[in-house]
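**Q** sharing a sequence plus its predicted fold:
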Amino acid sequence: MIAGMDWYSVTVEARSPDGTGTLDDNAVALFADRLTEHHGAVSAGGIPPRYSATFSCESPTAERAASYGADLVRMIAHEAGLPPWPIVHFGATRADVLDEELARSPMPDLVSGPEAAEILDVSPQRFHRLATEHKGFPEPAYRLRAGKLWHRAAIVKFGEEWTRKPGRPRLSS
């Protein structure tokens, strides 16, 4: 790596301005072939029609990497015979930041009722009462046939803010 330079993952998307048009398969294949030297991946098609490329480049800043990427995609798309559609999205992410993002799970951290009861240090029965009767209790993130799921952070926050009363809760009449 050259001093003052970093590796970036650049993404550029061009889209049909009026939602119509087609993409020639041979042009898309040529577009993909031309981006292989940049370790690129190409996507094309959809509604509205679009084509996009994600590839790596070395640059002193994210702004310059993104600008370079937009220019490169325009040039290669033109040479490949793709339509000169406007670029609707482009950006660059430094490689180490992208690696950190990819290492995190995209799945939300969810808990079931029994797990939430453990977090709150209450019995499953007490948890059920809290979930159905306490005004400040968080809404479930998902309601499945097998049961409800809550965001772990919402349950933890409720537990931190919940004012516990000693003794057994009163039975409602």
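**A** Here it is on my side, so go on.
**Q** which residue lies nearest the spatial centre of this protein?
**A** Nearest to the geometric centre of the chain sits residue 106, at 6.6 Å (Cα atoms, centre = their mean).
**Q** count the residues that sit near the nearest residue to residue 152 once chain neighbours are set aside.
**A** Closest residue to residue 152 apart from its sequence neighbours, by Cβ to Cβ, 6 or more residues apart in numbering: residue 109 at 4.3 Å. In short, each C-beta sits where N, CA and C put it, glycine included. Counted with other Cβ atoms under 10 Å, residues neighbouring residue 109 total 12.
**Q** burial of residue 110, as a residue count?
**A** With other Cβ under 10 Å as criterion, residue 110 counts 17.
**Q** an error on my part: the question was meant for residue 141.
**A** Residue 141: 15 neighbours (other Cβ under 10 Å).
**Q** got the contact list for it?
**A** 108, 110, 149, 150, 151, 154 (Cβ atoms under 8 Å, 6 or more residues apart in numbering).
**Q** from residue 110, how far out is it?
**A** Distance, residue 141 to residue 110, by Cβ to Cβ, to the nearest Å: 6 Å.
**Q** quickly list what's touching both of these two.
**A** With Cβ under 8 Å, 6+ apart, residue 141 and residue 110 have common neighbours 149, 150, 151.
**Q** poorly predicted segments of this structure, please.
**A** Within the chain, the stretches with pLDDT under 70 are 1-2, 167-173.
**Q** what's the domain layout of it?
**A** 6-103, 110-161 (automatic domain parsing).
**Q** right, so these: which one is the most enclosed?
**A** Ranked by average neighbour count under the criterion mean count of other Cβ atoms under 10 Å, the domains of the chain are headed by domain 6-103 at a mean of 16.
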